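J.: Model the following, please.
(2 chains, ligands or ions: 1)
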Amino acid sequence: MSHGPADDAIAGRAPGDRPVLDPALAPPFPIAALPVLRNLQLRKNVAHATDVIQAKRAHLVAEKTDWQQLRTAAAGIRTHALENLGAYLEQFEARCTAAGGVVHWAADAEEARRIILELLREENATEVIKIKTMTSAEIQLNPFLEADGIRASETDLAEIILQLGNDEPSHIVVPALHVNRGQVREIFARTMGLPELTDDPEALTAAARNYLRKKFLSVPTAISGANFLIAETGSVAVVESEGNGRMCLTLPRTLITLAGIEKVLPRFQDLEVMLQMLARSATGERMNPYTSLWTGVRRGDGPQNFHVVLLDNGRSAILARERQRQTLRCIRCAACMNACPVYRQTGGHAYGSVYPGPIGAILTPQLTGMRYAKSLPYASSLCGACYEVCPVKINIPEILIDLRAQVTDQERHEAVRLFDPMYLGMRIANLLFARAWLFHAAQRMARIGLRVFTQRDGWIHSLPGMGAKWAQSRDLRGLPRQTFHEWWARRKEVK
Amino acid sequence: MSASSRQAILDRVRAATSATAGDHAQLASTYSVLPYPYIHAGKLDAAARIALLVARLREYDAEVVECMGGELPAAIAAQLAASGRHSFLAPPGLPAEWLASGFEWKIDRGLSAEEIDQADGVVTAAFCAIADSGTLALHHSPGEGRRVLTLLPDWHLCVVRASQAVETLPEYFARCPSPPPALVTWISGPSATADIEMTRIKGVHGPRFLHVILVHDEPIHDKEKSPHHSLRLKEAPHFD
Ligand code: SF4
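T.: Numbering: from 1, shown residues only, chains lettered A, B, ... in the order given. Below is the predicted model of the structure:
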């Protein structure tokens, strides 16, 4: 296998050119997708990874004879938790506090970053070790900490690959699935000073183990996300594969957990549903290698200072919309993106958000209050594959259509859309369809106007001006010589 | 942190859910009628349950040996010897007869992380084993040790009694004490990653070697079937 410089190899980017995952800055989906569609290596990597997970998932889901019943139960529990979120959040706070934890509330990304920075400053931290958390990526925590002189060291293998390769996650469970072993070798060899490294995944994994062991034993502060918060006990649950999570959860003196407010489950026992589904859906395993659950602080075992930061950042607004509320049931298993025919072609970076794929297409614009990422609800064929695999039965296609309607409603009132060809066309159509005489006149004009473009075979293959792009990939049937109305009128005359 | 953010978030959440949220009593009653139609109790008899557990543990790269209760100390000694390792850790509650002679033992009474890191391996008990997913559940009692004990050493030997094996995950939850345990670690095979091209690689940060000794209680009698009939119903949440 031959390798170019890593930065070139990944996504065909120019060196130092990172994918933009800030919805406020990212280009619209069709534009962001273009470089990826031209990058055959990246598409191959994405296709391979999603094929493997899908096959494993399908096998293990088929093995579960009660899979649909589990989905029903999971959707029921999550819906109930969201409908009563206020009570459960307060219960979580009370129980976690009673067990020695400290609960903080952050209304938005900025407040969450500030809380975390203050906690780290109190610890005089210069470095913090991190377990993979998409929520911290959502609030863009790492660059913020780095700017304040605190090094944020990722410890998940995939996250190390991205951090050392100056790259961004493209999947929420396997964030570096767009990078192949040759590219990983190149990144590790260069950044860890290991020119002899081979591209054998075993050797690459060992390199990461050695690279991190010292950090685990010496860095006294850690940041984690949470898969679930248990209201009944005030406990936090984290699932992982590598053991880096357990390292971060047990070795440091101080642990900070950042969690979205939607992550609450009412009872400990609810995990019997969620954890039968999560690993099967996410990685195609019966169970992930490690699941950790802890409650506040235990003297002599694990961090002696424990903080939870509960993050809203747009979630309560989603909760307020009854149809869209189901978005918050998500347990971030990524099954929907592995199944999505659009994601499988474009990979994650095109979505311009840390949440790609179908869940990203509904979550990202909503989290920004429908200000950004407005092209994402259109990044779907509405085939329904995402709904079918979702363990908590989120009807993603239904929400996509709803969001499209919202985007349209917003846009049609914007001044800049006054002369937008699509909206102009729609307004004219509105006029025409409302008046029979105008409609008939328009039909006659169109018949005359389109005649020159109609080929001998009765089809229109190309159009001039604004129609050219449309006709590039479509053929239009030429208009018939007479309309049904005309034919009917003539038919009566003849009689 | 501002107290006002707490109030603002809770206010927004309450306003958003005002149509659906109930008081604590209503909430408890809606919770208790949630559908939970999935399989709770397993269908296998004791022998088949153990066979499934062993198969599932092995499928994800754990080494499993079985022995009778009386043979356990010898079985532990054999595993330690076969590992080619010498210095081992034990949690403070590990039965004395499990500490095989001829090896160096350190009992964890507050060992430092460095001391734990330097040991060759660790021997612990477990709370439960779940056959369906090949999972060992630790609740970190004195026989199971602190969390760090089964994390830093490269080699972990876990002793599980047949009576501790259940078939399904709901059966495990039915066995959990009330109130639930404060610390829980589930281990399903050795540490692994599939981050590079979805190739499963064993041993990233946790122990690279997971050994299980499955101890058959003698004689096997029907009391083992009891968990299949003692599943508790779903209790509603209770608030203080
Ligand atoms: S929307 Fe459903 S399938 Fe997609 S990540 Fe969330 S839980 Fe998984």
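
J.: and the closest residue to A:A99 other than its chain neighbours, what pLDDT?
T.: Counting by CB to CB, 6 or more residues apart in numbering or on different chains, A:A99 lies nearest to A:G296, which is 2.5 Å off, once chain neighbours are set aside. C-beta: built from backbone N, CA, C; applies to glycine. Listed pLDDT for A:G296 reads 98.

J.: With the one 4 residues further on instead?
T.: Listed pLDDT for A:G300 reads 94.

J.: shouldn't it be in contact with B:L111?
T.: No - using CB atoms under 8 Å, A:G300 is not in contact with B:L111; the gap is 10.8 Å.

J.: When these two are compared, which one has more neighbours?
T.: B:L111 (18 against 9; other CB atoms under 10 Å in any protein chain shown).

J.: in what helix or strand does that one lie?
T.: Under the criterion DSSP states H and E, no helix or strand holds B:L111.

J.: List the contacts of the closest residue to it other than its chain neighbours.
T.: Leaving aside its chain neighbours, B:L111 sits nearest to B:L89 (7.3 Å; criterion: CB to CB, 6+ apart). Taking CB atoms under 8 Å, 6 or more residues apart in numbering or on different chains as the criterion, B:L89 is in contact with B:105-108, B:111, B:116, B:119, B:121-123, B:145, B:149, B:153.

J.: Quick check: which helices or strands does the strand or helix carrying B:E171 pack against?
T.: Applying DSSP H and E as the criterion places B:E171 in helix B:169-175. In this structure, helix B:169-175 makes packing contacts with helix A:271-282, strand B:128-130, strand B:135-138, judged by 3 or more CB pairs under 8 Å, 6 or more residues apart in numbering or on different chains; DSSP states H and E.

J.: quick one, which of these is nearest to the ligand?
T.: Set against the ligand and scored by CB to the nearest ligand atom, the helices and strands packed on helix B:169-175 come closest in helix A:271-282, at 6.0 Å.

J.: and the closest one, what does it pack onto?
T.: Checked by 3+ CB pairs under 8 Å, 6+ apart, helix A:271-282 has helix A:40-63, helix A:67-83, strand A:228-230, strand A:235-240, helix B:169-175 packed alongside it.

J.: wait, which of these is closest to A:G149?
T.: strand A:235-240 (27.5 Å; CB to CB).

J.: and the closest one with the ligand, contact?
T.: No - under the criterion of CB under 6 Å from any ligand atom, strand A:235-240 makes no contact with the ligand; the nearest approach is 13.2 Å.

J.: What's the first helix or strand after that strand?
T.: Counting by DSSP H and E, what follows strand A:235-240 is helix A:244-250.

J.: Is that following helix in proximity to chain B?
T.: Yes - contact of helix A:244-250 with chain B (CB under 8 Å from any CB of the partner chain) involves A:N244, A:R246, A:M247, A:L249, A:T250.

J.: what's the closest of these to B:V54?
T.: Nearest to B:V54, judged by CB to CB, of these is A:R246 at 24.9 Å.

J.: Now do that closest one, the pLDDT please.
T.: On the pLDDT scale, A:R246 gets 97.

J.: Number of residues surrounding A:E90?
T.: A:E90: 16 neighbours (other CB under 10 Å).

J.: Can you classify the residue nearest to B:P190 when sequence neighbours are not counted as helix, strand or coil?
T.: Distance criterion CB to CB, 6+ apart; nearest residue to B:P190, sequence neighbours excluded, is B:L210 at 4.4 Å. Look at B:L210: counting by DSSP: H, G, I helix; E, B strand; the rest coil, its state is strand.

J.: right, and B:L210 touches B:Q79 too?
T.: No - the pair B:L210 / B:Q79 is not scored as a contact, 11.7 Å apart, by CB under 8 Å.
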